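> 3D, please:
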Amino acid sequence: MSPVSLSRRRLALVAAGLLVCLIIVLLSSRDESTVRASALLDQLESAQWRDAGAPATVDDEDQEGEQAAAAAAAAWSPAAAAPCRRRIEVGVIFTKADQHPKMKTNLVTNHAIAPMADQMKSLIEVMQEHFAPRKGTYYNDVLFFLTTTMHRSLPRLKRVIMMDVDISVRADLALLDDHFERFSPENVMGLSLELSPVYRHVLEAHRRETGNLTAGGAPPAGFPGLNSGVVLLDLARMRASRRYNQLMTEHEIRRRTARYRFKGHLGDQDLYTLLALDEPELFYVLPCGWNRQLCTFWRSVYADVFDQYFRCPGSISIYHGNCKATIPTEGERRA
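Numbers count the residues shown, from 1 in each chain. Take a look at the predicted model:
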């Protein structure tokens with residue numbers, strides 16, 4: 001089974017369950033970009049990595065209009081002959097009720113974004129103010145803030161793997177799910193480091209005024225920020241973490257953005273980067289090979305240090321074509 005590339009914008013996988021790992025794919029349908037819908041559905045129906053005895057979980061009313069939702073299947077590119085270790089359920093999240101699709105497959109469960117966003121409306125509005133350019137722009141959509149409060153809006157789930165959909169998966173995602181077991185007791189989520197100097201730029205005023213060159217600095221001495229192209233969310237821990245929930249308030253977000261002179265434009269990853277500056281113990285650092293970002297936008301701005309951020313040694317399991325970067329074909333490797 002060959003790797004699958006995604007050309008839509010944001011997606012998520014969700015892992016939860018007691019005896020088995022339940023994986024759900026959450027996907028925005030608001031983009032016009034196309035994917036190989038029929039091939040993706042074929043993968044779902046015939047994949048060897050699915051428990052053949054897994055029960056159907058989709059309601060009868062969710063049974064039509066497969067094209068918009070079919071891209072959800074593209075989350076995985078599992079090994080062709082790998083034994084099944086997970087029960088897989090696919091779910092789809094949509095930003096608008098009139099775009100809510102109905103799937104002709106028993107592997108898909110649909111979720112509407114509006115009820116999830118409404119639960120945390122005031123908090124999301126504060127995050128949009130500080131971590132999105134302006135109303136109507138791409139990252140101002142509530143979709144890009146749902147991960148921050150998903151522990152409240154999806155109370156029955158234990159774990160979520162959230163992914164952007166401009167990716168190409170090159171490894172068994174069960175291996176990604178295994179990283180949950182490597183969390184320290186304090187970790188509530190896992191993300192890879194940002195592989196560009198974007199937060200060096202965002203934090204420039206703070207760096208200049210305070211002399212704190214660690215903030216936004218290149219690794220290993222600096223902290224370049226976090227990238228939410230792939231996010232492992234332990235929802236149970238997020239619900240139980242007193243510290244995380246203390247930080248998720250309007251007052252605390254305003255206080256920290258003021259302290260760091262922080263005006264972001266990349267949605268939830270801005271918040272996670274901001275929190276990690278003072279609370280690194282909340283975050284597990286996922287190896288860069290699970291979110292090998294390819295964006296080179298900042299190379300022309302920070303040519304002298306860009307490669308210090310961009311390097312990612314080792315094997316690549318997920319390529320992330322952010323900034324509309326070209327993802328290598330199968331067999332290629334982008335340095």
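> sketch out the low-pLDDT regions of the stretch 51-200 of the chain for me.
Of all residues in the stretch 51-200 of the chain, those with pLDDT under 70 make up the ranges 51-119, 136-139.
> please enumerate the helices of it.
66-70, 113-119, 121-131, 150-153, 173-177, 198-202 (DSSP state H, counting those that start in this stretch).
> the stretch 201-335 of the chain: strands as residue ranges?
All strands of the stretch 201-335 of the chain, identified by DSSP state E, counting those that start in this stretch, fall at 226-234, 283-285, 292-293, 318-320.
> dump those strands to TSV, plus distance to E330 and mean pLDDT.
Quick note: C-beta positions are derived from backbone N, CA and C, even for glycine. Converted to TSV, those look like this (distance: least, C-beta to C-beta, whole Å; pLDDT from 0 to 100):
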stretch	distance to E330	mean pLDDT
strand 226-234	19	95
strand 283-285	28	98
strand 292-293	15	98
strand 318-320	11	95
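> out of those strands, nearest to D166?
The minimum distance between D166 and these falls on strand 318-320, with 6.6 Å, by C-beta to C-beta.
> so for that closest one, what gets flagged as buried?
I318, Y319, H320 (16 or more other C-beta atoms under 10 Å).
> also stretch 299-314?
Judged by neighbour count (16+ other C-beta under 10 Å), stretch 299-314 contains these buried residues: Y302, V305, F306, Q308, Y309, F310, C312.
> could you list which of the residues you listed belong to helices?
F306, Q308, Y309, F310 (DSSP state H).
> about what we covered before: closest to A132 among the buried residues of strand 318-320?
Distances from A132 to the buried residues of strand 318-320, taken by C-beta to C-beta, are shortest for H320, at 20.1 Å.
> what residues are up against that closest one?
Residues in contact with H320 (C-beta atoms under 8 Å, 6 or more residues apart in numbering) are D164, D166, I167, N227, G229, V230, N291, R292, Q293, L294.
> wait, the fourth one sits on Q293?
If I follow you right, that is N227. Yes: counting by C-beta atoms under 8 Å, N227 does reach Q293; the two are 5.9 Å apart.
> need the residues touching each of the two.
Counting by C-beta under 8 Å, 6+ apart, the residues touching both N227 and Q293 are S192, E194, L195, H320, N322.
> closest to L274 out of those residues?
After measuring the shared contacts of N227 and Q293 against L274 - C-beta to C-beta - the closest member comes out as E194, at 12.4 Å.
> burial check on the closest residue to that closest one other than its chain neighbours, number of neighbours?
Distances taken as C-beta to C-beta, 6 or more residues apart in numbering place G225 nearest to E194, at 4.0 Å, with adjacent residues excluded. By other C-beta atoms under 10 Å, the residues close to G225 number 29.
> distance of G225 from V202?
8 Å (C-beta to C-beta, to the nearest Å).
> joint contacts of these two?
G216.
> distance of the closest residue to Y244 other than its chain neighbours from E330?
Excluding the flanking residues, the one nearest Y244 by C-beta to C-beta, 6+ apart is V188, at 5.3 Å. Note on V188: its distance to E330, by C-beta to C-beta, is 35 Å.
> so which of the two has more stuff around it?
Remark: of V188 and E330, V188 carries more neighbours, 24 against 10, as counted by other C-beta under 10 Å.
> got the phi/psi numbers for the more buried one?
phi -110, psi -20 (degrees, to the nearest 10).
> which residues does it contact?
L233, D234, R237, M238, S241, Y244, L282, F283.
> quick one: which of these is most hemmed in?
L233 (26 neighbours).
> show me the contacts for it.
Counting by C-beta under 8 Å, 6+ apart, L233 has contacts T147, M150, H151, R159, V160, I161, M162, V188, M189.
> turn these into CSV, including distance to V126.
Formatted as CSV, the contacts of L233 follow (distance: C-beta to C-beta, whole Å):
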residue, distance to V126
T147, 16
M150, 17
H151, 18
R159, 26
V160, 22
I161, 26
M162, 21
V188, 20
M189, 20
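> by neighbours, which of the residues you listed wins?
M189 (29 neighbours).
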